[in-house]
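J.: Need a 3D model of the sequence below.
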Amino acid sequence: MREVLSRPGLRLLFAGETSNSFGDWMLLLVLGIWVKSLTGSNGLAGGVLLAMAAPSVISPVFGWVVDRFRRRRFLIAVNLLSALALTPLLLVSRASQVWVIYVVAVLYGISFTISGGAFSGLIKEMVPDQLLGAANGAFGSMRQLLRLIGPLAGAGLFAAVGPHSVVLIDIVSFLIAAAALAGIRLAELRPERTERHWLHEVSAGARHLLSDPPIRRATAAIAVGMLALGAVDTVVFAFVDQGLHKPPTFLSLLITVQGIGAIIGALFASKAMSRLGEPAVIAIALAAFGIAIGVNVVPSVPLALASMPFAGVGNAVGFVAFSTLLQRRTAGPLIGRVSAASDVAIGGAQTVSMATGATLIGFVDFRVMFAVIAVALLVCAGTLAWTSRHDPVERAGSGRDSTEPAPLADEIAGPVTPPELAAR
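T.: Numbering: from 1, shown residues only. The predicted structure follows:
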């Protein structure tokens, strides 16, 4: 992490993203609690998460928009507009105004969708190839730590002072992030515009995803894995209740233990990738998740607590490795659209899995579902490891294997300037 943060501008970026992430994690849980307290409805409270997820349906369009602008300036604008979008929440005080929370939740979801690809592209601009894994690991470990602290802080502040204080903190966090980005000196080239139809441009991310074998295999493995893994979000309540005979609040302890594993995993992801390569690390992450779920076929509190760190490691390591793989094998002008295409594939699979799990848990024993999920994840891990076994390990600065055809981005976006030159 020290080597990463010694890069010009990275400390400012890290500080800004820390502020942004803390504000986000504080408010995300509070929005649902707020709706519940105003309406008394669990369904309406859960609908807040659906409202935030809804914009991801058209994320390829957002990815196209992201790739049409310089990353740093685009993110400054997104942070300022996100802060502005939150201000109507300061006027909400009664149940008849819940619709305002839903509108803001949709805008929040748009902010998440468009900022992810832009941030990934900015990291690629600022960090040389050999430090991409370390940079993603540093930011990943920070986010995982705040994922533990933020919701607790937000819920506590909501109970003690009220929701408006949490909204104000999140607004300030966006402003701090914008100020940090404004302080970064980075000479970015203006993205080149093409004469091709906008639908051709929007679909470029999906075409690159399908044309690059390592990205295609990793995305497919994760998407299929999420078809199984997403159901855990609903099945876990039956596991805690019927298996462990604990109250629902016990889930918070499991999530905390999982989060500790995630922090550790994110910190060591870079070293694992440098030795094994990103596809192999993604396969290990899927296997770790499979093992963590498989052992809980036999319900036991000690086993549950012992297995959760493996799930955390799998979550963090898999995310860092997949992000690094996309950055390494995607030209800068295309990364927003490729990130959006992968989000649709993986996020769609997770949504289908969650809905299926909620349906099946009513008449299928959670042990059976855990067993099926574990087997599916282990098969995905084994398949990815087997199909990627002949891929060269992309070590520091290796980029694309010279035996492969030129990336699709060269065809549609013109010449690509190396990050080292763009930063001058």
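
J.: which residue ranges form the helices in the stretch 101-250 of the chain?
T.: Assigned by DSSP state H, counting those that start in this stretch, the stretch 101-250 of the chain shows helices spanning 132-160, 163-182, 198-202, 204-211, 213-229, 232-238, 250-276.

J.: out of those, nearest to L44?
T.: Closest of those to L44 is helix 163-182, at 15.2 Å (criterion: Cβ to Cβ). Where C-beta positions appear, they are placed from N, C-alpha and C, glycine not excepted.

J.: would you turn the helices of the stretch 101-250 of the chain into TSV with distance to L27 and mean neighbour count?
T.: Shown next, in TSV, are these (distance: least, Cβ to Cβ, whole Å; neighbours: other Cβ atoms under 10 Å):
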stretch	distance to L27	mean neighbour count
helix 132-160	6	20
helix 163-182	4	20
helix 198-202	30	15
helix 204-211	29	21
helix 213-229	25	22
helix 232-238	20	19
helix 250-276	18	19
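
J.: weakest of the ones you listed by average pLDDT?
T.: For the helices of the stretch 101-250 of the chain, mean pLDDT drops lowest on helix 198-202, to a mean of 70.

J.: Spell out for me which residue occupies the centre of this protein.
T.: Compute the mean C-alpha point of the chain, and by Cα atoms, centre = their mean the closest residue is F319, 6.9 Å away.

J.: Now do the helix or strand containing that one and helix 132-160, the angle between them.
T.: If you go by DSSP states H and E, F319 is part of helix 301-328. With axes from the mean of the first three to the mean of the last three Cα atoms, to 10 degrees as the basis, helix 301-328 and helix 132-160 are set at 130 degrees to each other.

J.: Can you give the distance of the helix or strand following helix 301-328 from its chain's centre?
T.: Downstream of helix 301-328, the next assigned helix or strand under DSSP H and E is helix 335-360. Put simply, helix 335-360 sits 12 Å off its chain's centre (Cα atoms, centre = their mean, to the nearest Å).

J.: before we move on, the earlier item: now for the residue nearest to the centre of the chain: which residues touch it?
T.: Taking Cβ atoms under 8 Å, 6 or more residues apart in numbering, we find F319 in contact with G140, A266.

J.: Give me the distance between it and M52.
T.: Distance from F319 to M52, counting by Cβ to Cβ, to the nearest Å: 19 Å.

J.: same deal with D129?
T.: For D129 relative to M52 (Cβ to Cβ), the value is 33 Å.

J.: Give me the more crowded residue out of the two.
T.: In this view D129 and M52 are compared by other Cβ atoms under 10 Å, and M52 has more residues nearby, 23 against 19.

J.: Quick check: closest non-adjacent residue to the more buried one.
T.: Leaving aside its chain neighbours, M52 sits nearest to G109 (3.9 Å; criterion: Cβ to Cβ, 6 or more residues apart in numbering).

J.: Which residues are in contact with that neighbour?
T.: For G109, the contacting residues are A51, M52, A53, A54, P55, S56, by Cβ under 8 Å, 6+ apart.

J.: most surrounded residue in these?
T.: Ranking the contacts of G109 using other Cβ under 10 Å puts M52 first, with 23 neighbours.

J.: and it, which of the three is it?
T.: Put simply, M52 is helix when judged by DSSP: H, G, I helix; E, B strand; the rest coil.

J.: where does it land on pLDDT?
T.: Here the pLDDT value assigned to M52 is 85.

J.: All further residue positions should be reported with the first residue as 47.
T.: Okay, residue one is now 47; in that scheme the one you just asked about reads as M98.

J.: Touching, it and V152? I think so.
T.: Yes - judged on Cβ atoms under 8 Å, M98 makes contact with V152 at a distance of 7.2 Å.

J.: where's the residue nearest to M98 relative to V94, distance?
T.: On the measure of Cβ to Cβ, G155 and V94 end up 10 Å apart.

J.: again, but for V363
T.: Applying Cβ to Cβ to V363 and V94 gives a distance of 30 Å.

J.: And for V207?
T.: Taken as Cβ to Cβ, the span from V207 to V94 is 20 Å.

J.: Check A226 too.
T.: Remark: distance between A226 and V94 (Cβ to Cβ) = 28 Å.

J.: what do you get for E324?
T.: Applying Cβ to Cβ to E324 and V94 gives a distance of 34 Å.

J.: in the helix holding F365, what's buried?
T.: Applying a neighbour-count criterion of 16 or more other Cβ atoms under 10 Å, one finds 350, 353-374 buried in helix 347-374.

J.: same question, stretch 123-134
T.: Neighbour counts over stretch 123-134 (16+ other Cβ under 10 Å) mark V124, N125, L126, L127, S128, A129, A131, L132 as buried.

J.: May I have it exported as CSV, CA atoms only?
T.: Extracted as CSV, the C-alpha positions of stretch 123-134 are listed here (Å, rounded to 0.1, in the frame of the first residue of the first chain):
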residue,chain,number,x,y,z
ALA,A,123,-19.2,16.5,-11.6
VAL,A,124,-20.8,13.2,-10.5
ASN,A,125,-19.8,13.9,-6.8
LEU,A,126,-21.2,17.5,-6.9
LEU,A,127,-24.4,16.4,-8.6
SER,A,128,-24.8,13.5,-6.1
ALA,A,129,-24.5,15.9,-3.2
LEU,A,130,-27.1,18.1,-4.8
ALA,A,131,-29.4,15.1,-5.4
LEU,A,132,-29.4,14.3,-1.7
THR,A,133,-30.6,17.7,-0.6
PRO,A,134,-34.4,17.0,-1.0
